[in-house]
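# Need a 3D model of the sequence below.
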Amino acid sequence: MAPWWKRGWLHVAPEDHLNRGRDGDTLSDNIDAYLKRQELNPADFPHVYLLTSPRFVNYVFKPASFWYLYTADGKLKYVVAEVNNTFDERRMYLFPAAEDVGMFRQTLDKDFHVSPFSSRKGSYVLSTTSPAEQDDVSVTITLRSSKGHPKLIARWWSDAPAMDPSDLSTLASLWLLISWGSTVLTTFMKIVFQAIVLAQVHKLQIWYRPEPRESTLPRRSSSTETFLASIFLQYLQHLLDVASNKYRLTTRSIGGNGEQCLQNYIFLNLKIVQEDDPEAFDLRIHTPQFFRHLITHKKLSDLLSYTLLDPYEENRTAWSDDAQSLISIIQDLEKALQKQRPGKRWSLKEALYNVPWAAYMHLRCTQPLTAEKRWILLLR
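Below you'll find the predicted structure:
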């Protein structure tokens, strides 16, 4: 792929859309892969119209993009709304077209955190014209509360005819770069500024960001989280090797195999399979935050209990179809591993090193008291 400075001042890159460009080198490859995951045949939609914002000097922040999917006879069948938040998370909503002809209008439940002034409850109503059939662009998104009341209306429309940049004069091209470039570069800052005004001036209620659900594309992982993910997989395989005749581990990610996943996409789907039983236990990790919790727990079973059994769904960083059974398996493997380790007495030199280290481990992994436990201590 050509470096960004050779792709033009304004360009649309596959890595800015859908699965962040991991499904191919072109936009077409990526939308085809997405449709296959939705159990749709890409060949049924030979014509695709993408409404989005371009990169400018290799920078972009896109609150939303829209993919219009047309059949061979030019009929609008689906609209994919690609919604991004300021935490580098993404959610794709697939809106099916209604049978009646006219304005495209459909509703889907909201399950993605976009704004600190709104919870994940409610629904989106998408109203749009067909850009391939009309001379203008008109998109309206209405956010409704869980009770069906309109809370926010966002519009995207055109106020002038479409233009071909290759046909513009030098002066007109310069004006296009200035006007579009300033819009691209200031979108994120405008969002943050308006959020400060709403929070500090208008005193709107703040909803803290919950952990993303499985349907959400998580943020990109940091180098530390990628390293911790590799340690996690090695340790999990080490545990299963204790009972290699009974269990085996399979690793899968949306972007490919486990190795590729560790390099660029922390979104793992693990299966612990019993050799003498067709039953498999799933562990789906849907945010890199899961791996940060590794360093605050002494045992893997403690970490899984914390993240899978948290009473508040907003705090869960992983999912399992049978959390209790999965945790029980890990606990049994940890006990078996502990029995294999030979016990020995510490020398004075080893004690001087190991005792402070053990104290540090205890302090690092001690969980804070809940409000209920604090009250019990105060009453005593």
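# After the longest helix along the chain, which helix or strand is next?
Among all segments of the chain classified by DSSP state H, the helix with the greatest residue count is helix 170-196. Beyond helix 170-196 on the C-terminal side, the first helix or strand identified by DSSP states H and E is helix 223-241.
# Give the buried residues for that following helix.
Of the residues in helix 223-241, those scored as buried under the neighbour-count criterion (16 or more other CB atoms under 10 Å) are E225, T226, L228, A229, F232, L233, L236, L239, L240. Just so you know, the C-beta spots here come from the backbone N, C-alpha and C atoms, and that holds for glycine as well.
# Looking at those residues, spot the one nearest Q338.
Sorting the buried residues of helix 223-241 by distance to Q338 puts L239 at the head of the list, at 11.0 Å, by CB to CB.
# got a list of what the closest one touches?
When the contact criterion is CB atoms under 8 Å, 6 or more residues apart in numbering, the partners of L239 are L300, I330, L333, E334, L337.
# List the ones among these that fall in strands.
Counting by DSSP state E, no part of the contacts of L239 is found in strands.
# Take the residues you listed and lay them out in JSON lines including neighbour count.
Output for the contacts of L239, formatted as JSON lines (neighbours: other CB atoms under 10 Å):
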{"residue": "L300", "neighbour count": "18"}
{"residue": "I330", "neighbour count": "23"}
{"residue": "L333", "neighbour count": "22"}
{"residue": "E334", "neighbour count": "17"}
{"residue": "L337", "neighbour count": "14"}
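# So which of those is the closest to G181?
When those are compared for distance to G181 (CB to CB), L300 wins out at 48.8 Å.
# can you count the residues close to L270?
22 (other CB atoms under 10 Å).
# Please identify the helix or strand for it.
Secondary structure here is read from DSSP H and E; on that basis L270 sits in strand 268-274.
# Averaged pLDDT, that strand. What do you get?
For strand 268-274, mean pLDDT is 69.
# and what of stretch 115-123?
If you average the per-residue pLDDT over stretch 115-123, you get 88.
# gap between that stretch and the chain center?
Its chain's C-alpha centre and that of stretch 115-123 lie 17 Å apart, by CA atoms, centre = their mean, to the nearest Å.
# which residues are contacting that stretch?
The contact list for stretch 115-123 (CB under 8 Å, 6+ apart) reads 85, 107-113, 143-146, 148, 151-152, 195, 198-199, 204-210.
# Dump the buried residues of helix 223-241 to a markdown table, plus distance to A160.
Below are the buried residues of helix 223-241 laid out as a markdown table (distance: CB to CB, whole Å):
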| residue | distance to A160 |
| --- | --- |
| E225 | 45 |
| T226 | 45 |
| L228 | 50 |
| A229 | 48 |
| F232 | 53 |
| L233 | 53 |
| L236 | 57 |
| L239 | 62 |
| L240 | 62 |
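# re the thing from before, report the buried members of the contacts of stretch 115-123.
A residue is treated as buried here by neighbour count (16+ other CB under 10 Å); on that basis the buried members of these are N85, K110, D111, F112, H113, L143, R144, A195, L198.
# Under a three-state scheme, what state does the closest residue to N41 other than its chain neighbours occupy?
Counting by CB to CB, 6 or more residues apart in numbering, L35 is the residue found nearest to N41 once chain neighbours are left out, at 7.3 Å. Here L35 is helix, with the state taken from DSSP: H, G, I helix; E, B strand; the rest coil.
# Let me know how buried L35 is, in neighbour terms.
Residues near L35, counting by other CB under 10 Å: 22.
# mind checking how far it is from K77?
L35 sits 11 Å away from K77, taking CB to CB, to the nearest Å as the criterion.
# Common neighbours of these two, please.
If you check L35 and K77 against CB under 8 Å, 6+ apart, the residues they both contact are F45, L69.
# Identify the bridge partners of the closest residue to M103 other than its chain neighbours.
If you skip the residues right next to it in sequence, M103 has S127 as its closest partner in space, 6.0 Å away by CB to CB, 6+ apart. With DSSP bridges applied, the residues forming beta bridges to S127 are R105, T140.
# What pLDDT is listed against S127?
91.
# go on, R105?
Checking the pLDDT column for R105, the value is 87.
# my guess is it meets V125, correct?
Yes. Between R105 and V125 there is a contact at 7.0 Å, judged by CB atoms under 8 Å.
# No more questions from me, cheers.
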